[in-house]
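Trainee: Have a look; sequence and predicted model below, questions after that.
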Amino acid sequence: MQMIDILKQFKGVVDIPTEKGKLDSLYEQFRLMSKELLYGGYFLIEGKTRICLDDIEFYYHEEGDGGLKDPIMYHTNDHEGKEIPYFEIGRLNLHISGVDVTFENEEKKYRASFLIRGFHVENDDEPYNPCSTEIKNFDPCSTHIYDKMLYMGIPLGSAIEIEWVSKNNPENTPNELVGTPRKNVAEYEIDENGRYKKDERGKYVKEPQNIQKPYNKDLFFSSSNNIYKRCQRKWRFKKDFVKD
């Protein structure tokens, strides 16, 4: 299946009335998309280098009052503090954490994307095997994708050729995909009305936790010498060999 068709499978959850219903539907939509993205193809760079996705995280945010929010997401009106244009479906969005592939919808007023969290690179002389459990050059650093996808010594003024190549049948995945919480994504603070708190600048608030090590890593994580509650939305999908 072509990348654009994978992304167009997503319908959002704006019309679902309850938060639980929204989250249940999002999980299933993201799971089905992940089968195609992780096992159904790869990015081909300059016609010779394959970038295979091994670990991806989804993000979803509804604009306006009362919508389902994703406070960590970068490309939103709330994060930018102003109204910003919607990305076309299939746009690459480069930011400080790596590269997102977007599938936003201006009519329904939602933002949606997946982050390439982990990947590996193959060349023409290597056999393509999306179900391999022994990937020697797996890269867990999401920002390294810049070098592999975009900055490979291409001459100034040249266009970078990036395409999605569909291969294999994702029905043949080695195991059923199961989502896990996203890596280092905090649970933001909720007010008495069940809405995310904002500070005086209009930014969503996450508070460091006053707990001591050792702590339950399923519920907390450490970042910049602080410990935060971990967001429990299971929007990360990865191949079996990715362990963290």
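Mentor: Looks like it arrived, so ask away. Worth saying up front: this structure is predicted, and the values here are computed from it rather than measured. Numbers count the residues shown, from 1 in each chain.

Trainee: residues in contact with Phe221?
Mentor: 184, 186, 227-228, 230 (C-beta atoms under 8 Å, 6 or more residues apart in numbering). For the C-beta atoms, the positions are set from N, CA and C on the backbone; glycine is no exception.

Trainee: okay if I get those residues as CSV plus distance to Phe103, neighbour count and pLDDT?
Mentor: Shown next, in CSV, are the contacts of Phe221 (distance: C-beta to C-beta, whole Å; neighbours: other C-beta atoms under 10 Å; pLDDT from 0 to 100):
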residue, distance to Phe103, neighbour count, pLDDT
Asn184, 23, 13, 94
Ala186, 24, 23, 97
Ile227, 33, 17, 96
Tyr228, 28, 19, 96
Arg230, 25, 19, 96
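
Trainee: tell me which of those is nearest to Ile96?
Mentor: Nearest to Ile96 among those, counting by C-beta to C-beta, is Asn184 at 12.8 Å.

Trainee: Ramachandran coordinates for that closest one?
Mentor: Asn184 adopts backbone torsions of phi 60, psi 40, taken as degrees, to the nearest 10.

Trainee: if we can go back for a sec, which ones among the contacts of Phe221 are found in strands?
Mentor: Of the positions in the contacts of Phe221, 227-228 sit in strands, assigned by DSSP state E.

Trainee: what's the most distant pair in the contacts of Phe221?
Mentor: Asn184 and Ile227 (11.5 Å).

Trainee: got a list of contacts for the helix or strand of the chain with the lowest mean pLDDT?
Mentor: Ranking every helix and strand in the chain by mean pLDDT, DSSP states H and E puts helix 145 at the bottom, with a mean of 90. The contact list for helix 145, computed with C-beta under 8 Å, 6+ apart, reads 51, 98-99, 116, 119, 139.

Trainee: out of these, who has the most neighbours?
Mentor: Per-residue neighbour counts (other C-beta atoms under 10 Å) across the contacts of helix 145 peak at Phe119, which has 27 neighbours.

Trainee: Distance from the following helix or strand past the least confident helix or strand of the chain to the middle of the chain?
Mentor: Downstream of helix 145, the first helix or strand assigned by DSSP states H and E is strand 162-166. Averaging C-alpha positions (C-alpha atoms, centre = their mean, to the nearest Å) puts strand 162-166 18 Å from its chain's average.

Trainee: ok, strand 162-166: who's next to it in the sheet?
Mentor: Its sheet considered, strand 162-166 pairs with strand 41-45 (antiparallel) by DSSP bridges.

Trainee: and the partner strand, which residues are buried?
Mentor: Buried residues in strand 41-45, counting neighbours by 16 or more other C-beta atoms under 10 Å, are found at 41-43, 45.

Trainee: what do you get for stretch 169-180?
Mentor: Buried-residue list, stretch 169-180, by 16+ other C-beta under 10 Å: 170, 173, 177, 179-180.
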